[in-house]
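Student: got a structure for you, letters missing:
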């Protein structure tokens, strides 16, 4: 299922062909359209092209935004309501700098795994 359309590359007729017939879509920005199944998002919004370096404190809980809609990236602010996506809890085991994913494509949520470098 194709979920993101790049307006720089796709013409409107191509865009209509790439979106699943009968699916719901929402305009997120001039660059992206998200595809929904029912009322749920099927893919997160890319919040950043790079990871977020955060000084974490041992024993403290952090809630990473998995939908990309939060205004307090990389952490959740509750903007995911109604998306079907939920924040990911991370508990720091030691105080140090950690790199939280900004592209929302990481396979090792909530930490960056370099996915933002993939085309």
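Tutor: Cool, the structure landed. Every value quoted in this text rests on a predicted model; they were computed, and no experiment measured them.
Student: alpha carbons only for contacts and neighbour counts from here, please
Tutor: Fine.
Student: what's around residue 115, how many residues?
Tutor: 18 (other C-alpha atoms under 10 Å).
Student: ok, it - contacts?
Tutor: Taking C-alpha atoms under 8 Å, 6 or more residues apart in numbering, we find residue 115 in contact with 103, 105, 106, 107.
Student: three-state assignment of the first one?
Tutor: Local secondary structure at residue 103 is given as coil here, using DSSP: H, G, I helix; E, B strand; the rest coil.
Student: Tell me which residues touch it, please.
Tutor: By C-alpha under 8 Å, 6+ apart, the residues touching residue 103 are 45, 46, 47, 48, 49, 50, 51, 68, 115, 116.
Student: now the last one
Tutor: Each residue near residue 107 by C-alpha under 8 Å, 6+ apart is listed here: 113, 115.
Student: so how far is residue 60 from it?
Tutor: Applying C-alpha to C-alpha, to the nearest Å, the value for residue 107 to residue 60 is 23 Å.
Student: Please apply the same query to the second one.
Tutor: Note on residue 105: its distance to residue 60, by C-alpha to C-alpha, is 24 Å.
Student: So between these two, which is more surrounded?
Tutor: With neighbours defined as other C-alpha under 10 Å, residue 105 and residue 60 compare such that residue 105 has more, 20 against 12.
Student: Quick check: phi and psi at the more buried one.
Tutor: Residue 105 adopts backbone torsions of phi -110, psi 0, taken as degrees, to the nearest 10.
Student: That one and residue 49, how far apart?
Tutor: From residue 105 to residue 49 the distance is 11 Å (C-alpha to C-alpha).
Student: do the same with residue 60
Tutor: With C-alpha to C-alpha as the criterion, residue 60 and residue 49 are 26 Å apart.
Student: same question, residue 117
Tutor: For residue 117 relative to residue 49 (C-alpha to C-alpha), the value is 8 Å.
Student: again with residue 94
Tutor: 26 Å.
Student: do residue 101 as well
Tutor: Taking C-alpha to C-alpha, one finds residue 101 at 9 Å from residue 49.
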